[in-house]
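Chemist: Structure, please.
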Amino acid sequence: MLIPPKTIVIGFGLVLFGVLEYLMPFFEPSRKPLRNLSLNFGLGLFNAIVISSTILLLLNAGWEIRSAHPEWIGLGALPEPIALITSFLLLDLYLYLWHRAMHRWGWGIHRLHHTDRHLNLSTAYRFNPIEVLLSQLLRVMLIALFGITPIQLLIYESCFSLSLIFHHSNWSLPQRLDRLLSSLIITPNLHRLHHSQSTDAHPCNFSSLLTLWDFLGHTHHYPRYPKSLRSGTRS
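Modeler: Numbering: from 1, shown residues only. Coordinates of the predicted model:
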C-alpha cells in the first residue's frame, strides 16, 4: 500500500525539526513533555482521522460535480503554471483571512491553540476540532468555486504542512537566517511573537506560509528580542 505524499512530508518534517529542536532548543523544553505531546498529537490525530476523512468525502464529491460541468469557469481556463500559482496563493490567502477572523470573532475556539506555554512542533496540531471542521468546510467551498484540482491542493498542502511544523518548532534557527527568511515565509521567531502574551491585545503575523499577506495587511512584525517572548495566554 502506497503512503500518501502528504503523510511522507509530515513524517519528514516531524523527524527533521524534532531532531533540530531537541539538539538546538530555542527555549527550555517543557518539564512535562509527555503530557504536552500527548495532548497536542492526540488532538492532531483525532482531527486527521475523524474530520479530515469526512472532508475528503466532500472534496471528492465536489471534484466529481466539477468534472461533470466543464463549462463552469475556474482556474482550468488558465495556463497550467498560472493556475498552479493562483491556486497556491488563493489557498494561502484563505488561511490568512481565516486566522484573522478566528482572533477577532472565533477566539473562544481558537484560544486552545494559544494556551500552549511551551511552543514546539507538536503545537502545530493543538487545534479545537470545531475550528478545524469549520475551516475545512469553508475551504471545500473555495476549492469547488475556483476549480482547484487535487494535484494543486496536494502541492499547497505539502508546503503548508512542512511550514506548519517548521514555524511552530522550538528550533534555535540562527537569528540572521530567521530574519532573512521572514521576508518570504513565516519563521519560528515570527510565530513566537504571534503566540506571545505581549501580543494578546494587538496580534500579528497571521500568515501560515507566505508572509506576503501580513505585509499587505500591515500585520507583519519581527520581534526585537525573541528570547524575551513568553508563549501562552494571560488568562
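Chemist: make it CA atoms for all contacts and neighbour counts henceforth
Modeler: Fine.
Chemist: which residues sit against the worst-scoring helix or strand of the chain on mean pLDDT?
Modeler: Across the helices and strands of the chain, mean confidence by mean pLDDT, DSSP states H and E is lowest for helix 52-67: a mean of 83. For helix 52-67, the external contacting residues (CA atoms under 8 Å, 6 or more residues apart in numbering) are W72, Q136, L137, V140, A144, G147, T149.
Chemist: repeat that for 7 Å
Modeler: For helix 52-67, the external contacting residues (CA atoms under 7 Å, 6 or more residues apart in numbering) are Q136, V140, A144, G147.
Chemist: check contacts around the third one.
Modeler: Applying CA under 7 Å, 6+ apart, we find A144 in contact with G62, W63, R66.
Chemist: Restricted to helices, list the contacts of helix 52-67.
Modeler: Those of those mapping onto helices are Q136, V140, A144, per DSSP state H.
Chemist: Rank the residues you listed by pLDDT and give me only the lowest.
Modeler: Lowest pLDDT within these is found at A144 (89).
Chemist: could you check the distance from that one over to N60?
Modeler: For A144, the distance to N60 equals 10 Å [CA to CA, to the nearest Å].
Chemist: R230 now?
Modeler: For R230, the distance to N60 (CA to CA) stands at 42 Å.
Chemist: Next, find the distance separating Y156 from S198.
Modeler: Counting by CA to CA - Y156 and S198 are separated by 31 Å.
Chemist: Name the residue in these two with the higher neighbour count.
Modeler: Per other CA atoms under 10 Å, whichever of Y156 and S198 has more neighbours is Y156, with 20 against 17.
Chemist: can you pull the contacts of the more buried one?
Modeler: F88.
Chemist: how about 8 Å then?
Modeler: Residues near Y156 by CA under 8 Å, 6+ apart: F88, L91.
Chemist: ditto for G42
Modeler: Residues counted as contacts of G42 (CA under 8 Å, 6+ apart): none.
Chemist: Cheers, nothing more for now.
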